[in-house]
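S.K.: Predicted coordinates and the sequence they were generated for:
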Amino acid sequence: MSVPPGSIIVSDWHRFPDSREFFSRILHNKKRRKFGLLEAPMMPPHMNVDIVRYKVFISGKTGVGKSALAARLAGLDFPKMHYETTGIETTVVFWPVRLKESGRVLFFRFELWDCGESAIRRFDHMLPSCKEQVDAILFLFSFTDRGSFDDLSNQITRITESSDRVVKLVVGTKFDLFMHTDVTESDVTHFQEVWGLPIFRVGGDVSAGLGEIAPLLNALAENLWHQDCMAASSVSISTPAALRETDSEIIV
Amino acid sequence: MLQAETLQLLCLTSTSGVPLFSRGSAKQLPFSIIGSLNGVHMFGAGHGAQLMSCETDRGSRVVWGVFQESLMLIAVSCGGGPAISELQLSRLLENVWNCMVLVLGQDELANMRNVERLKRELRSCYRLIDLLLERVSDEQGFMGDLTQCADCLLLSNSGLLQEALDSFTQAAESEFGCLLVHGRVAQATEKWWSRLSSQEVVVLSVLVHSLSGASSCDYPVFLPQGSPTVAIRLLSFQLLPGVHVCVLCGPKPSLYKAENELIGRFWSTFVENLRSCLEQAKHSTLPPSVSLRWDIQALLLINRESRRAVTVCPRVRSGAPSEATPLLSSGRRLELLRLFYTFAMTRYFNPQEASVSSALTTSEDFSQGFTHVPVQCYLVTDECKCYGLQSSQHQLFLLMDLSVPTFALRTVATQTLSAITAATGF
């Protein structure tokens, strides 16, 4: 179901010297730059880099680290303490990607949607709102919470319908706490075989380095791009970039 | 009895005294002390006396509050830390209660069915409660939690942004819209001021400020006065880092729709204006057209009609003579300003308004003897001189340098007030 890593985009592109110019646009003083909704990374006009926008929903049980993952992917400061998210919060992440075949560079703009479990339970409009026009769903479990792993299949079937055209990825959080791990390597392998979904591991080390989050963001970009290409070729109207191009964006 | 850490908040069920949570200082009070604090309040209630607060000779303080006859909140502050007045602690309890209603709704809190479930539900209020506890000795100049007036930022060119906000709010099918810069209200629709209570405006500002990392959000909120049992939606959008626009609305529009269809349409042409707001906010909460005397150390100006407030705590003194004494730290000046506000309000200006319930605070009996309402007051300490004045529309609290002659305080205060109001229309 998912695309093998590196088949559509250059994987580990952030390590290549030719990516520096692009990654520097999402950095500021060696930290990730923060973008308001009216902003986007600015490239010199002659480079003409398109921005493609996607909505990504982060799903998972209370306390698995949905908000922390969103903060990690956006390079924001971590909350010192765990607080429940009592509504929907979205976080915008820009990520430059080079397409393998054409060599073209795109800025992916992921909008991560995060909603606390208790809010979903208490208010009926939360889940439909998160699923409206969604392009991808990240299913989270925590390596320290067996229950959250066992609940995965349940969650996947509950939240998605087979007709949905969404990219699905699974993310295991708190991987650094291997001393307390409740989920074994063979559990993970077994799950991958049964569901055909890749599992990513995140946790620990908040060095704000890109290397830590690159595999997940690249996989997200690759699968979303692939999904759009498939959709575009089946309807055969135009390239996905043209469909999604944003012209209302204001440049920083 | 109490550990060195400064401030702690306890929540118990009022009838049975079951502890529900405790926030604040790292060392939690022992269960036996929590039990005694509850017991002594209950003892009073049993004898027809309402225990509101008490104070030790070493500067520790305890304030009790019972809300909706279901929950008791107790604030415990210990001596040694920054001075926290009784007024501030009772306002803290009110604000905490309002935040709990904001998140959970009044029904959940007033009609307790299951204590364990309520304990779990209350966890979702911790983020706001912790923020309120931090605000008690805040160093960024937020005073709304004490004054129950919205902390504002006064802009120089506000007309355009007001129009943008009005039309954006209307397009979001709402009448309640507000633009915040770093947690301060820069602009709001007319209904935001006239129909929301000042306490609601304060807790909503705190809520939006607590979500400052998110690009946008859709939060169900209950308004403590306006809609305590039916949730409405708070949509908030971070236009630029530090600039949030929010609306209160019904089931429509969806967050996705509002963000994708309305934000660009109504705000993209104002990016430069918003950037200049951010630039101004870096320097002062007043527009650059207002220049204060160098010997003003800090000030708090309140508009009593609209319940708005602006706090100024200059970082540098411009134009000070070389022999001038250096400025106190901004944390200390804000602490003094809070204390002077409390002093002036509880003793002179409006003891009824300042005391939390209908009963007056204990130590201020003599003010009841006044047959008139004082309109000005001053205080000279060894750190600064303070002057307070009130008119039907404004209240001004001013901290000044010791070098200002005491007889000139009144002139400086009235001049400062008219300089700010003339330039900003506040």
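M.R.: Here it is on my side, so go on. Values in this document were obtained by computation on a predicted structure and should not be read as measured data. Residues are numbered from 1 along each chain as shown, chains lettered A, B, ... in the order given.

S.K.: okay, now B:Asn350: neighbour count?
M.R.: 16 (other Cβ atoms under 10 Å in any protein chain shown). (C-beta placed from N, C-alpha, C; glycine too.)

S.K.: cool, B:Glu163 as well?
M.R.: Neighbours around B:Glu163, by other Cβ under 10 Å: 13.

S.K.: Repeat that for the one 3 residues further on.
M.R.: By the measure other Cβ under 10 Å, the count of residues near B:Asp166 is 17.

S.K.: what about the longest strand in chain B?
M.R.: strand B:227-240 (DSSP state E).

S.K.: That one packs against which elements?
M.R.: Judged by 3 or more Cβ pairs under 8 Å, 6 or more residues apart in numbering or on different chains; DSSP states H and E, strand B:227-240 is in contact with helix B:106-110, helix B:198-210, strand B:216-223, strand B:243-249, helix B:271-283.

S.K.: Turn those into TSV, including mean pLDDT and distance to A:Asp18.
M.R.: TSV is the format used below for the helices and strands packed on strand B:227-240 (pLDDT from 0 to 100; distance: least, Cβ to Cβ, whole Å):
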stretch	mean pLDDT	distance to A:Asp18
helix B:106-110	92	56
helix B:198-210	94	41
strand B:216-223	96	33
strand B:243-249	96	35
helix B:271-283	93	31
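
S.K.: In the chain, where's the longest helix?
M.R.: Looking at chain A here, since you left the chain open. helix A:214-235 (DSSP state H).

S.K.: my bad, the chain I had in mind was chain B
M.R.: Max-length helix for chain B by DSSP H is helix B:86-104.

S.K.: all helices for the stretch 1-150 of chain A, in order.
M.R.: Along the stretch 1-150 of chain A, counting by DSSP state H, counting those that start in this stretch, helices occupy A:20-23, A:66-74, A:117-122, A:126-131, A:146-150.

S.K.: Most tightly packed of the ones you listed?
M.R.: A comparison of the helices of the stretch 1-150 of chain A by mean neighbour count, using mean count of other Cβ atoms under 10 Å in any protein chain shown, puts helix A:66-74 on top with a mean of 23.

S.K.: Quick one: mean pLDDT over that one.
M.R.: Across helix A:66-74, the average pLDDT comes to 91.

S.K.: is chain B contacted by it?
M.R.: Yes: residues of helix A:66-74 are located near chain B by Cβ under 8 Å from any Cβ of the partner chain, namely A:Ala71.

S.K.: Need the contact partners of stretch A:156-164.
M.R.: Applying Cβ atoms under 8 Å, 6 or more residues apart in numbering or on different chains, the contact partners of stretch A:156-164 are A:Ser59, A:Leu127, A:Lys131, A:Ile137, A:Phe139, A:Val166, A:Lys168, A:Trp195, A:Leu197.

S.K.: how about the longest helix of chain B, does it get close to chain A?
M.R.: Yes: using Cβ under 8 Å from any Cβ, helix B:86-104 reaches chain A at B:Val103.

S.K.: now the angle from that helix to helix B:198-210?
M.R.: Relative orientation of helix B:86-104 versus helix B:198-210 (axes from the mean of the first three to the mean of the last three Cα atoms, to 10 degrees): 70 degrees.

S.K.: Distance from helix B:86-104 to the middle of the chain?
M.R.: 10 Å (Cα atoms, centre = their mean, to the nearest Å).

S.K.: Tell me what angle that helix forms with strand B:216-223.
M.R.: Using the same axes, to 10 degrees: helix B:86-104 against strand B:216-223 is 110 degrees.

S.K.: Give the burial count for B:Cys152, as a bare number.
M.R.: Neighbour tally, B:Cys152, other Cβ under 10 Å: 27.

S.K.: what does B:Gly79 give?
M.R.: B:Gly79: 16 neighbours (other Cβ under 10 Å).

S.K.: Tell me if it really is in a strand.
M.R.: No: counting by DSSP: H, G, I helix; E, B strand; the rest coil, B:Gly79 falls outside a strand, being coil.

S.K.: one step back: tell me which of the helices of the stretch 1-150 of chain A sits nearest to B:Gly79.
M.R.: Evaluated over the helices of the stretch 1-150 of chain A, closeness to B:Gly79 peaks at helix A:66-74, with 37.1 Å, by Cβ to Cβ.

S.K.: pLDDT on stretch A:196-209, on average?
M.R.: 75.

S.K.: ditto for stretch B:323-342
M.R.: 89.

S.K.: surely B:Gln187 meets B:Asn157?
M.R.: No: taking Cβ atoms under 8 Å as the definition, B:Gln187 is not a contact partner of B:Asn157, at 10.9 Å.

S.K.: Which one's more surrounded, those two?
M.R.: B:Gln187 (24 against 12).

S.K.: Any stretches of chain B with poor pLDDT?
M.R.: Residue ranges of chain B with pLDDT under 70: B:1-5, B:80-82, B:351-371.

S.K.: tell me which parts of it are close to chain A?
M.R.: Residues of chain B lying near chain A (Cβ under 8 Å from any Cβ): B:103, B:121, B:123-124, B:126-127, B:130, B:211, B:213-220, B:231, B:234, B:237-241, B:243, B:251, B:254-256, B:259, B:263-265, B:267-268, B:271, B:274.

S.K.: Among these, name the buried ones.
M.R.: B:103, B:121, B:124, B:126-127, B:130, B:211, B:213-220, B:231, B:234, B:237-241, B:243, B:254-256, B:259, B:263-264, B:267, B:271, B:274 (16 or more other Cβ atoms under 10 Å in any protein chain shown).

S.K.: So what angle separates the directions of the longest strand of chain B and helix B:86-104?
M.R.: Using the same axes, to 10 degrees: strand B:227-240 against helix B:86-104 is 90 degrees.
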